[in-house]
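1. Requesting a structural model of the entry that follows:
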Amino acid sequence: MKAIRFERTGGPEVLQLQDVNLEEPGTGEVQLRHTAIGLNFVDTYYRSGLYPSPLPSGLGNEAAGVVTKLGKGVKALKVGDRVAYGTGALGAYQEARNFPANRLVKLPKAISDEVAAGMMLKGMTTRYLLRATYKVKKGQTVLFHAAAGGVGLIFGQWAKALGVKAIGTVGSDEKVAIARKHGYAHVINSSTEDVVARVKEITKGKGVPVVYDGVGQATFNVSLDCLSPLGLLVSFGNASGAVSAFNLGILAGKGSLYVTRPTLGTYVASDADFQATARDLVNVVKSGKVKIQINQRYKLADAAKAHEDLAARRTTGATVLIP
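-> Prediction:
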């Protein structure tokens with residue numbers, strides 16, 4: 001079968017399409033034929049070496065497919081089942097793979113394979129942000145950076161469905177329109193507007209109780225300045241680079257603030273947490289309250305081009321690779 005591998009870390013050019021062999025599924029595993037593969041910014045972290053992985057390595061944590069073989073002990077799935085995943089060992093960028101059966105979620109007919117591949121990692125991330133890291137309450141106003149990105153478009157819709165007013169930041173007028181269409185009550189163009197001033201204006205000087213920041217270094221201090229006293233900064237990504245060391249005393253001076261650096265892996269570490277998170281996501285998408293837009297499609301062989309476009313901010317919403 002064909003698979004994307006990289007033998008050294010670096011730019012998109014290190015991604016290579018190779019022929020690899022696939023063994024029989026082990027105990028508790030099923031073999032999947034991938035039908036669509038999700039592209040996520042975290043993939044660039046592994047490729048660049050920001051997140052270390054043993055080399056040579058596969059890539060990708062998210063895909064949808066069809067069960068083609070069962071390993072010993074698998075009872076909950078059968079051959080022909082449509083399934084998806086959004087966590088686990090790297091290796092989604094390939095035509096087929098073996099995967100633990102207890103880390104897969106069955107797909108209803110109402111959700112297509114491309115939608116499933118584009119929603120699992122980003123959607124489960126949104127779920128833990130809204131329902132676990134900081135449990136939002138109806139009527140609250142919160143701030144989310146990169147509102148037109150993959151996680152951002154899901155976040156805006158889900159927050160609205162929960163009765164939460166989300167303020168989103170984006171980098172262009174085009175993305176302002178996109179974010180507004182996806183549930184954000186207010187959208188700030190950070191390239192032309194003062195984010196802190198606008199947030200204070202919207203909240204009548206109070207600030208927000210929580211900021212969700214997947215951008216990283218470029219927005220870290222802005223995020224702190226948007227918080228109300230005792231507010232929480234959820235720094236869950238490094239799109240602009242990792243946050244460097246900072247003086248903890250800053251948190252005291254800005255109102256006894258909190259900062260956390262969560263990961264999806266921690267929030268779905270147990271099978272029970274994974275299934276609960278995945279079911280919530282499937283249900284909210286199936287209900288129509290959250291719609292997943294697949295705005296870009298690339299052939300698996302063109303994964304390097306997909307990474308180039310992602311890094312250059314030429315993508316919006318969800319992107320999938322087609323084997």
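
2. give me every residue that touches the residue most central in space within the chain.
-> The structure's the chain has its C-alpha centroid closest to Lys122; by C-alpha atoms, centre = their mean the separation is 2.7 Å. By C-beta atoms under 8 Å, 6 or more residues apart in numbering, the contact list for Lys122 reads Gly38, Asn40, Gly86, Gly150, Val151, Ile154, Ala318. To be clear about C-beta, it is placed using only N, CA and C from the backbone, and glycine gets the same treatment.

3. State whether it is indeed within a strand.
-> No. Secondary structure of Lys122 (DSSP: H, G, I helix; E, B strand; the rest coil): helix, not part of a strand.

4. Can you tell me how far it is from Leu264?
-> 10 Å (C-beta to C-beta, to the nearest Å).

5. Touching both of these two, which residues are there?
-> Common neighbours of Lys122 and Leu264 (C-beta under 8 Å, 6+ apart) are Gly86.

6. quick one: the helix or strand where Val142 lies to chain centroid distance?
-> In this assignment (DSSP states H and E), Val142 forms part of strand 141-145. Using C-alpha atoms, centre = their mean, to the nearest Å, the distance from the centre of strand 141-145 to the centre of the chain it belongs to is 16 Å.

7. which element follows that strand toward the C-terminus?
-> For strand 141-145, the following helix or strand on the C-terminal side (DSSP H and E) is helix 150-161.

8. what about that following helix, average pLDDT?
-> Averaging pLDDT along helix 150-161 yields 95.

9. and that helix, which residues are buried?
-> Neighbour counts over helix 150-161 (16 or more other C-beta atoms under 10 Å) mark Gly150, Val151, Gly152, Leu153, Ile154, Phe155, Gly156, Gln157, Trp158, Ala159, Lys160 as buried.

10. could you dump stretch 249-260 to PDB, C-alpha only?
-> Output in PDB follows, covering the C-alpha atoms of stretch 249-260 (Å, rounded to 0.1, in the frame of the first residue of the first chain):
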ATOM      1  CA  GLY A 249       4.300  37.300  38.500                       C
ATOM      2  CA  ILE A 250       2.700  38.600  35.400                       C
ATOM      3  CA  LEU A 251      -0.400  36.500  36.200                       C
ATOM      4  CA  ALA A 252      -0.600  38.100  39.600                       C
ATOM      5  CA  GLY A 253      -0.400  41.600  38.300                       C
ATOM      6  CA  LYS A 254      -3.100  41.000  35.700                       C
ATOM      7  CA  GLY A 255      -5.700  39.700  38.100                       C
ATOM      8  CA  SER A 256      -4.600  36.400  39.600                       C
ATOM      9  CA  LEU A 257      -5.000  34.700  36.300                       C
ATOM     10  CA  TYR A 258      -4.700  31.000  35.400                       C
ATOM     11  CA  VAL A 259      -3.000  29.400  32.400                       C
ATOM     12  CA  THR A 260      -3.300  25.800  31.200                       C
END
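
11. Give the buried residues for that stretch.
-> So, applying 16+ other C-beta under 10 Å, buried residues of stretch 249-260: Leu251, Lys254, Leu257, Val259.

12. Across the sheet, point out what pairs with the last one.
-> According to DSSP bridges, the partner residues bridging Val259 are Leu233.

13. residues touching it, list them.
-> Neighbour list for Val259: Leu232, Leu233, Ser235, Leu251 [criterion: C-beta under 8 Å, 6+ apart].

14. what separates it from Thr266, distance-wise?
-> From Val259 to Thr266 the distance is 16 Å (C-beta to C-beta).

15. Out of the contacts of Val259, who's the most crowded?
-> Leu233 (25 neighbours; other C-beta atoms under 10 Å).

16. need the contact list for that one.
-> Applying C-beta under 8 Å, 6+ apart, the residues contacting Leu233 are Val210, Val211, Asp213, Phe220, Ser223, Leu224, Leu227, Leu257, Tyr258, Val259, Thr260.

17. What separation do you get for it and Pro262?
-> According to C-beta to C-beta, Leu233 and Pro262 sit 11 Å apart.

18. Next: Leu70.
-> 34 Å.

19. Could you do Leu77 as well?
-> To Pro262, Leu77 is 29 Å away according to C-beta to C-beta.

20. if we can go back for a sec, for the contacts of Val259, which one is nearest Gln18?
-> Ser235 (35.3 Å; C-beta to C-beta).
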